[in-house]
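[1] After the sequence you'll find the predicted model.
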Amino acid sequence: MNLPVPVVSAARIHTALLGGAVFAVDRSVAIQLTNAVPWWPRAARTLHEQGLRMAAHLVARGFDQVLDLGCGLPSPSGPLVHEIAAARYPGATGARTVYVDRDIHAHAARRIGLVCQPGSDGSDAVLADITATEDLLEHPAVQGLNWRRPIAVLLHDVLPWLSDDAATHLMAVLRHRLAPGSIISSTHLLSAPHPYATAPLVQHHRKAGIGLWPRHLPAITALTGTWPTYIHSGPGRLPVCTLLTRSPGPGRFARPAFWPFPAARGREHRPLRQPCAMHQPRQTTPRPLPTAKDTQ
């Protein structure tokens with residue numbers, strides 16, 4: 001597989017915003033973004049922290065299989081996903097985490113981390129483009145997961161970097177392939193006006209050759225189809241949100257206890273939208289995988 005190596009990488013810029021070491025060109029773009037959009041570093045950290053907390057929540061709820069799509073570079077601080085899983089399910093057969101990213105530097109760093117850091121037994125890293133979803137799911141490392149059992153799929157700060165067609169297709173394939181009881185955890189950048197306007201952020205990323213697609217909540221929740229979904233906004237008025245989407249099936253689908261209800265958040269922490277179940281599951285027969293024409 002020959003994936004292009006971008007001169008500037010969204011994954012490396014994200015790491016720079018978190019305080020990690022990256023190439024000078026990526027750090028330069030991160031500085032430009034911070035100067036143009038001062039709230040963006042705090043939003044990036046919030047997305048990162050919410051993603052880690054959700055990974056820990058899912059592992060604690062019994063998920064011992066984690067597929068981290070668009071994983072990016074390892075966090076410069078805090079635990080890694082496979083370490084979180086291994087702490088809960090120790091041993092070579094206790095838990096399995098598969099990291100996937102198309103950035104060669106992110107992939108290399110993940111491979112090195114799995115060799116040098118604890119909790120890597122049974123885990124792997126795959127160099128692949130998640131928009132080629134059908135091919136990705138046939139990769140031997142991904143097939144090493146038990147697809148007849150529930151899997152926790154992480155899409156943390158991933159969907160905003162995909163076009164509408166690519167995001168729709170990715171989510172449709174995952175919903176078709178995942179076993180009942182599986183979870184898709186995602187974080188997303190919301191379209192917002194002043195003082196958290198996302199238009200300048202989009203423009204500065206595009207100048208660097210990087211596509212960015214903030215979305216309104218109806219467009220984000222449409223990606224989940226008919227799957228039951230809880231949604232939670234970020235702290236304060238930051239235009240970010242976290243979604244927890246579950247495959248319809250038996251068992252209770254609970255709202256995470258650490259997501260405070262709006263009444264408990266105080267005047268300065270009103271959510272952009274009240275956390276609630278956005279969709280109710282419908283009893284339907286399995287549908288065939290949508291074609292490219294259907295997802296357009």
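    In hand now; what should we look at?
[2] From the rest of the structure, what touches the helix or strand of the chain with the lowest mean pLDDT?
    Among the helices and strands of the chain, helix 104-116 carries the lowest confidence by mean pLDDT, DSSP states H and E, at a mean of 87. Outside of helix 104-116, the residues within contact range by C-beta atoms under 8 Å, 6 or more residues apart in numbering are 3, 5, 9, 11-12, 71-74, 80, 82, 99, 101, 120, 123-127. (Glycine included, C-beta is placed from N, CA and C.)
[3] Which entries within those residues meet the buried criterion?
    When neighbours are counted using 16 or more other C-beta atoms under 10 Å, the contacts of helix 104-116 contain these buried positions: 9, 11-12, 71-74, 80, 82, 99, 101, 120, 123-127.
[4] out of those, which are inside helices?
    Among the buried ones among the contacts of helix 104-116, the ones falling in helices (DSSP state H) are A11, R12, H82.
[5] between the residues you listed, which is closest to V66?
    H82 (7.6 Å; C-beta to C-beta).
[6] Touching, the closest one and P90? I think so.
    No: contact status for H82 versus P90: not in contact, 11.9 Å apart, counting by C-beta atoms under 8 Å.
[7] end-to-end on stretch 189-209?
    Start and end residues of stretch 189-209 are separated by 19 Å (C-alpha to C-alpha, to the nearest Å).
[8] oh sorry, the question was meant for stretch 126-139
    Using C-alpha to C-alpha, the two ends of stretch 126-139 sit 8 Å apart.
[9] What of stretch 215-232?
    Stretch 215-232 has an end-to-end distance of 15 Å (C-alpha to C-alpha).
[10] And for stretch 214-233?
    As for stretch 214-233, its first-to-last residue distance stands at 14 Å under the measure C-alpha to C-alpha.
[11] show me the contacts for V7.
    V25, G209.
[12] So A167 versus H176, what's the distance?
    15 Å (C-beta to C-beta, to the nearest Å).
[13] re earlier: so of the contacts of helix 104-116, which ones are in strands?
    Under the assignment DSSP state E, the contacts of helix 104-116 contribute Y99, D101, D124, A125, V126, L127 to strands.
[14] Bridge partners for the fourth one, pull those for me.
    Taking DSSP bridges, one finds Y99 as the beta-bridge partners of A125.
[15] Hmm, it is touching T97, no?
    No: here A125 lies out of contact with T97, judged by C-beta under 8 Å, at a distance of 9.2 Å.
[16] which residues are in contact with the helix or strand where N35 lies?
    In this structure, N35 is located in helix 24-36 according to DSSP states H and E. Helix 24-36 is contacted by residues 7-9, 12-13, 15-17, 22, 40-41, 200-201, 204-205, 208 when judged by C-beta under 8 Å, 6+ apart.
[17] From these, list the buried ones, please.
    8-9, 12-13, 15-17, 22, 40-41, 201, 204-205, 208.
[18] Quick check: the two most widely separated of those?
    V22 and L201 (18.7 Å).
[19] Tell me, please, where in the stretch 151-296 of the chain the pLDDT is lower than the cut-off.
    For the stretch 151-296 of the chain, the stretches with pLDDT under 70 are 261-296.
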